[in-house]
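[1] I'd like to go over a predicted model; first the sequence, then the structure.
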Amino acid sequence: METEAVQQEFKAPGIEPSIFHTASTCIAAALVPGLGHAVMKKWDRALVFFASITLMFFIGVGLQGRVFGPDFADLFSTLKFIADAGAGLLYWVARLRGMGAGEPTTYTYDFGNVFIYVAGLLNMLVVVDAFDIARGRKS
Amino acid sequence: MTNHFTMMIVFSLLVSLVFTFIAKTGAKERAQYFLYLFGSFTLISIVAGWLMYPFPF
């Protein structure tokens, strides 16, 4: 009974969701594309984000794109790393499994890189979307 | 898949899909917005490709 009351209170309009709920949602969203939305039971968005971003990342790897490591030697290397790492666990799994070494001599190399950058950048947008939903700013 | 046009279409499809689900709710709104985004991506890419055609690099 008490649990139900707490849940109803949490869902009631005008009541601010807890910082813990927002933070855990954002962390889940940052780690796995779509997981933040799945936590909030937004199943359609979760499925689309997971499928699209994961597919995009692995198409990039398949096109001989490079998964850039943490290299802070210059601005562009840093930005490439930040964009790639935005994909969350996908990035670290690819790095740890030795995928995404990249082959600059193939003509798909640049396309592959763009797919990997954009997968990471889209996941950052998805985290912001999850944050907005968790805070009740959008449905 | 290694065809430039195919890669551009796949890229446009996936990005349009994510943008649509971030920006819109409701099936009809989403379908319209997706078609608008996907069409814009494709058309602008083709136009930009033709505009760059005479460039020597």
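    Sure, I can see it. Residues are numbered from 1 along each chain as shown, chains lettered A, B, ... in the order given.

[2] buried ones in stretch A:115-122?
    When burial is assessed from 16 or more other Cβ atoms under 10 Å in any protein chain shown, stretch A:115-122 yields the following buried residues: A:115, A:116, A:117, A:118, A:119, A:120, A:121, A:122. Placement of C-beta: from N, CA and C, glycine included.

[3] is it true that the fifth one touches residue A:60?
    Yes. With contacts counted by Cβ atoms under 8 Å, residue A:119 reaches residue A:60, the gap being 6.4 Å.

[4] give me the most central residue, the chain.
    Using chain A here. Taking Cα atoms, centre = their mean as the criterion, residue A:123 is the residue nearest the geometric centre of chain A, at 3.2 Å.

[5] think we crossed wires, I meant chain B
    residue B:41 (2.8 Å).

[6] that one against residue B:17, yeah?
    No. Using Cβ under 8 Å, residue B:41 and residue B:17 do not qualify as a contacting pair, with a distance of 11.1 Å.

[7] so which helix or strand takes in the residue nearest to the centre of chain B?
    When elements are assigned from DSSP states H and E, residue B:41 belongs to helix B:27-52.

[8] from the chain's centre, how far out does that helix sit?
    4 Å (Cα atoms, centre = their mean, to the nearest Å).

[9] ok, it near chain A or not?
    No. Counting by Cβ under 8 Å from any Cβ of the partner chain, no contacts exist between helix B:27-52 and chain A, the nearest distance being 9.2 Å.

[10] so for that helix, mean pLDDT?
    Averaged over helix B:27-52, pLDDT sits at 95.

[11] give me the buried positions along it.
    By neighbour count on 16+ other Cβ under 10 Å, the buried set for helix B:27-52 is B:30, B:33, B:34, B:37, B:38, B:41, B:42, B:45.

[12] ok, stretch A:128-139 next?
    Residues of stretch A:128-139 classed as buried: A:129, A:130, A:131, A:133, A:134 (neighbour count, 16+ other Cβ under 10 Å).

[13] residues in contact with the second one?
    Spelled out, it's residue A:130. Each residue near residue A:130 by Cβ atoms under 8 Å, 6 or more residues apart in numbering or on different chains is listed here: A:25, A:26, A:28, A:29, A:36, A:37, A:40.

[14] of these, grab the buried ones for PyMOL.
    This is how PyMOL selects the buried members of the contacts of residue A:130, with burial counted by 16+ other Cβ under 10 Å:
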select buried, chain A and resi 25+26+28+29+36+37+40
